[in-house]
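*Asks:* Sequence plus the predicted model coming up.
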Amino acid sequence: MKKISLLLSVLFINVILYSQENNNSEESYDKYISIADSMFLIKDLKKSLEFYEKASYIFPNAQYPKDQISILTKSIVKWTSIDDNSPKIIFEGKVRNSDGENIKDVVVNVKRNNYSINQIVTSIEGKYEFNSLPFGHNYTIIFSKDKYVSKSILVDTEKNYLKDSIEPNTYLDIGVTLFEKENDIDYSKIENVPVAKARIDPISCKLDWDYVYINDRKKESDKILKNSKINR
């Protein structure tokens, strides 16, 4: 009888915690939407976009922040010079967990020169794709999902860019592995710095991965995770 009572108590506590977590998420979502709407009204587009993105991160399937992000990115596009005749890059790939399983509903956000220009979520197969983005800019692709460690990829199509030397369409397959967060571990050095970088090779004039950078970042990330486990 004591075991049953104890089990019921644990279940009751878990229900309360789950309810509180959901309430906190809804409160944060509403707060971010309110701030974003206010910034939108006073024409602070950058701040407005920032808070719509935060709201969308909490509830990736919510349509309102997605619509507002789309409107804002079209407005902000005038801040960057875009040549419609320039070569284009297509980003595509899959997002998996540490067990190699596909992850759906991962928020994939593309920033051009530090301004968000598009945002989608991965399909049930973990797939995503962004089409026809012009060369001549710096792109950051950010992958995020609640309870997972976020990762970003830097794609520099500005340095060494010579329009006549680049093929009309370049496909860049970016497969990403996200691992679940654990308590009491500081992931900021992984989340705040791109884990990989692609750039235009000055000799071949083709977009390729910077493997020296990637290997250095992998060593740093592995060291952070190893030290975190030792110190727990």
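*Replies:* Cool, got the structure.
*Asks:* top strand in the protein by residue count?
*Replies:* Using DSSP state E, we find that the single longest strand of the chain is strand 88-97.
*Asks:* Remind me what that strand packs against, helices and strands.
*Replies:* strand 127-134, strand 138-144, strand 169-173, strand 176-178 (3 or more C-beta pairs under 8 Å, 6 or more residues apart in numbering; DSSP states H and E). (C-beta placed from N, C-alpha, C; glycine too.)
*Asks:* got the angle between it and strand 138-144?
*Replies:* Calculated by axes from the mean of the first three to the mean of the last three C-alpha atoms, to 10 degrees, strand 88-97 forms an angle of 20 degrees with strand 138-144.
*Asks:* quick one: strand 88-97 to chain centroid distance?
*Replies:* With C-alpha atoms, centre = their mean, to the nearest Å as the basis, strand 88-97 stands 12 Å off its chain's centre.
*Asks:* what comes up buried for that strand?
*Replies:* Applying a neighbour-count criterion of 16 or more other C-beta atoms under 10 Å, one finds Lys88, Ile89, Phe91, Gly93, Lys94, Val95, Arg96, Asn97 buried in strand 88-97.
*Asks:* Next SSE downstream of that strand?
*Replies:* Downstream of strand 88-97, the next assigned helix or strand under DSSP states H and E is strand 107-112.
*Asks:* just the CA coordinates of the next helix or strand after that following strand, formatted as CSV?
*Replies:* Later in the chain than strand 107-112, the nearest helix or strand by DSSP H and E is strand 115-121. What follows is strand 115-121, C-alpha atoms only, in CSV (Å, rounded to 0.1, in the frame of the first residue of the first chain):
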residue,chain,number,x,y,z
TYR,A,115,19.5,39.3,-40.6
SER,A,116,17.1,36.5,-40.7
ILE,A,117,15.7,35.9,-44.2
ASN,A,118,13.9,32.5,-43.9
GLN,A,119,12.9,30.0,-41.4
ILE,A,120,11.4,26.5,-41.8
VAL,A,121,11.0,23.3,-39.7
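*Asks:* Strand 115-121 pairs with which strands, and in what direction?
*Replies:* strand 107-112 (antiparallel) (DSSP bridges).
*Asks:* List the contacts of the strand it pairs with.
*Replies:* Outside of strand 107-112, the residues within contact range by C-beta atoms under 8 Å, 6 or more residues apart in numbering are 53, 56-57, 60, 80, 91, 95, 116-122, 128, 130, 133, 137-145.
*Asks:* Now which of these would you call buried?
*Replies:* 53, 56-57, 60, 91, 95, 116-119, 121-122, 128, 130, 133, 137, 139-145.
*Asks:* so what's the closest residue to Val110 other than its chain neighbours up against?
*Replies:* Using C-beta to C-beta, 6 or more residues apart in numbering and skipping residues adjacent in sequence, the residue nearest Val110 is Asn118, 4.7 Å away. Neighbouring residues of Asn118 by C-beta under 8 Å, 6+ apart: Thr73, Asn109, Val110, Phe130.
*Asks:* Repeat that for Gly136.
*Replies:* Applying C-beta under 8 Å, 6+ apart to Gly136 gives the contacts Asp83, Ser86, Thr157, Glu158, Tyr161, Lys163.
*Asks:* Nice, that's everything, thank you.
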